[in-house]
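J.: What follows is a predicted protein model with its sequence.
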Amino acid sequence: MNKILSFFAICCILLVSSCTKVDEEDQKNVGTLTLPAASFYYTGNEGPAPATVTFHNTSEYSDQYKWTFHNGSTSNEFEPSFTYHNNTGEDKTFLVILTATDTYTGETNTRSKSILILPSN
């Protein structure tokens, strides 16, 4: 009976010890979580409207993207293009927003930029 109790006690100690090590390891990993960093640049706005602008995604630590354009249009492409029209006779600025998401952690990051579009000829 004594041997059974001793064996049971040793098993319990090993079980508790292994759980503690796992918890400690998880605690260490929390400090190394890398959050998404939304980032992009664009090309194609050099001439007069209509101007098709291509967005170049340079985001890090993310695997899902949502682009929101000035008129409420959206895209989930990695690097979309969007055609801007400007019939105002003056230079016009449009806002574009990129939301980058790490689907594993659910963390997001947003970056926005204003794009200058020249008027139509």
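T.: That came through fine.
J.: Would you map the helices across this structure?
T.: For the chain, the helices defined by DSSP state H cover 2-30.
J.: what's the spacing between the residue most central in space within the chain and E60?
T.: Most central in the chain under C-alpha atoms, centre = their mean is A100, positioned 2.2 Å from the mean C-alpha point. Using C-beta to C-beta, to the nearest Å, A100 is found at 8 Å from E60. Using the backbone N, CA and C atoms, a C-beta is placed for each residue, glycine as well.
J.: any common contacting residues for those two?
T.: Taking C-beta atoms under 8 Å, 6 or more residues apart in numbering as the contact rule, A100 and E60 both touch P36, A37, S39.
J.: Was I right to think the last one contacts H56?
T.: If I follow you right, that is S39. No - assessed by C-beta atoms under 8 Å, S39 is found out of contact with H56, at 9.5 Å.
J.: With neighbour numbers in mind, choose between those two.
T.: Of the pair S39 and H56, S39 is the one with more neighbours under other C-beta atoms under 10 Å, namely 15 against 11.
J.: who are the neighbours in contact with that one?
T.: N57, T58, S59, E60, L98, A100, R111.
J.: which of these are buried?
T.: The neighbour count (16 or more other C-beta atoms under 10 Å) marks N57, S59, L98, A100 as buried among the contacts of S39.
J.: Which single one of those is nearest to T68?
T.: Using C-beta to C-beta, L98 is the member of those that lies nearest T68, at 8.0 Å.
J.: what's the distance between the closest one and F82?
T.: 12 Å.
J.: rewinding a little: partners of the residue nearest to the centre of the chain in the sheet?
T.: For A100, the beta-bridge partners are Y65, N109 (DSSP bridges).
J.: Please tell me I have it right and it contacts T58.
T.: No - the pair A100 / T58 is not scored as a contact, 10.1 Å apart, by C-beta under 8 Å.
J.: Neighbours of A38, how many?
T.: Neighbour number of A38 under other C-beta under 10 Å is 22.
J.: and if you look at the one 3 residues further on?
T.: Burial measure for Y41: 10 neighbouring residues, criterion other C-beta under 10 Å.
J.: what does E107 give?
T.: 15.
J.: Excluding chain neighbours, what is closest to it?
T.: Leaving aside its chain neighbours, E107 sits nearest to L35 (5.2 Å; criterion: C-beta to C-beta, 6 or more residues apart in numbering).
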